[in-house]
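Undergrad: fold the following for me, if possible:
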Amino acid sequence: MGRFTPGLPVRVFIAWDSALDWCFLIPVGGNFRNRFFLSWEVHMVDHARAARMAKRIQEIVASAIERQIKDRRLELVTITDTRVTGDLHDATVFYTVRGKDIDSEPDFAQAEEALKRAKGQLRKIVGDQLSVRFTPTLSFEVDTVPEASAHMEELLARARARDEELAKLKENAQPAGDANPYKTSDEDEA
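TA: Below you'll find the model as predicted:
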């Protein structure tokens, strides 16, 4: 622990870790002359605010890619989701890439390079429209949810087909033993 001089003010940053359910104090610079109290700077995470900011960043980035960024490699990029950290300093923007037509494969490398080149310009646009004190840094990641959901749909379709096969086999099936495999009181007496 750091040293604390009685009578001098101490400013600390309170960090709460909701996953571990504990908090820790980090000293913050600052000096209040001749005041005998403890001063606290409390920066709690407001998840609702982070979610609202993420939604707004998603809208701003999507419209900027569509209307303001002049890069043909971004024509087939779709912004799917955005996540903002609790301290509102970092934003992760998730995207997918379509192919030029239904049969062509998407070019993820070109889209990644185009987003990397446009990152500064997009952050400037976000900062202008977001009106917050600190504009979050932007990072871009390929969204794998569509591929995972397509795989799950394929698995579900196979399970449904197998269930239908078993239902057809069950219609013509005969029990292996008696029709009633349970003992009755009449059999016990005989």
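Undergrad: and the closest residue to Leu130 other than its chain neighbours, what are its phi and psi?
TA: Sequence neighbours aside, Arg56 is the residue nearest to Leu130 in space, at 6.4 Å (criterion: Cβ to Cβ, 6 or more residues apart in numbering). Where you see a C-beta, it was placed from the backbone N, CA and C, and this is true even at glycine. Torsion angles at Arg56 (phi, psi; degrees, to the nearest 10) stand at phi -70, psi -40.
Undergrad: what do you get for Thr92?
TA: Dihedral angles (degrees, to the nearest 10) for Thr92: phi -110, psi 120.
Undergrad: who's it bridged to?
TA: Beta bridges link Thr92 to Arg83, Ser139 when assigned by DSSP bridges.
Undergrad: doesn't Ala64 belong to a strand?
TA: No: per DSSP: H, G, I helix; E, B strand; the rest coil, Ala64 lies outside any strand segment and is helix.
Undergrad: number of nearby residues for the residue nearest to it when sequence neighbours are not counted?
TA: Leaving aside its sequence neighbours, Ala64 sits nearest to Ile125 (Cβ to Cβ, 6+ apart; 4.7 Å). Ile125 has 20 neighbouring residues, counting by other Cβ atoms under 10 Å.
Undergrad: tell me the contacts of Ile125?
TA: Neighbouring residues of Ile125 by Cβ atoms under 8 Å, 6 or more residues apart in numbering: 60-61, 64, 68.
Undergrad: roughly how far out does the host helix or strand of Leu169 sit from the chain middle?
TA: For Leu169, the element it lies in under DSSP states H and E is helix 145-171. Between the centre of helix 145-171 and the centre of its chain there are 28 Å (Cα atoms, centre = their mean, to the nearest Å).
Undergrad: summarise which helices and strands that helix is packed against.
TA: Contacts defined by 3 or more Cβ pairs under 8 Å, 6 or more residues apart in numbering; DSSP states H and E place helix 145-171 against strand 77-84.
Undergrad: thanks a lot, catch you later.
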